[in-house]
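Trainee: Everything below, folded, please.
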Amino acid sequence: MSAKVVVIYSGGMDSYTVLNKAMQQGYDVHAVSFNYGQRHSKELLFAKKVCEQHKIEHKIVDISSINQLIGGSALTDDIDVPEGHYEEESMKTTVVPNRNMIMLSMAVGYAVSIEAEAVYFGAHSGDHAIYPDCRTEFVDAMNDVCKIANYQAVEVRAPYLAASKIDILRDGLAMNLDYADTWTCYNGQERACGRCGACQERLEAFAENNTVDPIAYQD
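Mentor: As a prediction, the model looks like this:
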């Protein structure tokens, strides 16, 4: 019987690649997605579709009530989503306080309950400058804590922690993944806006890989 792992799966291209990487490594994958009160739930619909296609055990957990405690982000509050590349100072408005620690804690609890050996998530080097909870020191510290927080040790794995989104896409394309099954845009409209930081970084990754993004954009 294959060892179990839990994958935190947002429905975006990074976690989609992580999900498929875990499957191709032969693990019995259990996916968990979180509704944390983000501006839209479109990416969760993509996550649900992919898990149904692959017959992956998938839970969508509503933790939107935490917005009573953690606010001030353009992803959860009535704040304009900034446009432009991630490296610009304005992109810090997309930080959701303590998001990854909250999600990892819940995913580790799930892993313990189903006797899974690890929790995977899609932090990568492109996020380091903006998001403190995607940095190596955070992941290492969480990994240390999650090995002792329960009777059963759970490892926190971020396979692309030292990689860029360009590298992640390159790996996914080598696995013949279809990125039409992902949603990245911060705006939940019919088509991706192409202007927000998430879209800009995604488009750059496809351009650097000499590949056309299969999703539709407004412009």
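Trainee: Only C-alpha atoms from now on, for both contacts and neighbour counts.
Mentor: Will do.
Trainee: Low-confidence bits of this protein, can you list those?
Mentor: Regions of the chain meeting the criterion pLDDT under 70 cover residues 39, 70-96, 126-129.
Trainee: 90 instead?
Mentor: 1, 36-41, 63-101, 124-135, 186-189, 196-198, 219 (pLDDT under 90).
Trainee: now the strands for it?
Mentor: 4-8, 28-35, 57-62, 118-120, 155-157 (DSSP state E).
Trainee: which residues are in contact with the second one?
Mentor: Just to be clear, that refers to strand 28-35. Outside of strand 28-35, the residues within contact range by C-alpha atoms under 8 Å, 6 or more residues apart in numbering are 2-11, 19, 22-23, 41, 44, 47, 51, 56-64, 103, 107.
Trainee: same deal with the last one?
Mentor: With contacts defined as C-alpha under 8 Å, 6+ apart, strand 155-157 is touched by 117-121, 139, 142-143, 146-147.
Trainee: before we move on, what about the first one?
Mentor: Applying C-alpha under 8 Å, 6+ apart, the contact partners of strand 4-8 are 15, 18-19, 22, 27-33, 103-104, 107-108, 110-111, 114-122.
Trainee: Please apply the same query to the fourth one.
Mentor: Applying C-alpha under 8 Å, 6+ apart, the set of residues contacting strand 118-120 from outside is 4-8, 18, 104, 107-108, 111, 154-159.
Trainee: ok, now with 7 Å
Mentor: By C-alpha atoms under 7 Å, 6 or more residues apart in numbering, the residues outside strand 118-120 that reach it are 5-8, 107-108, 111, 154-158.
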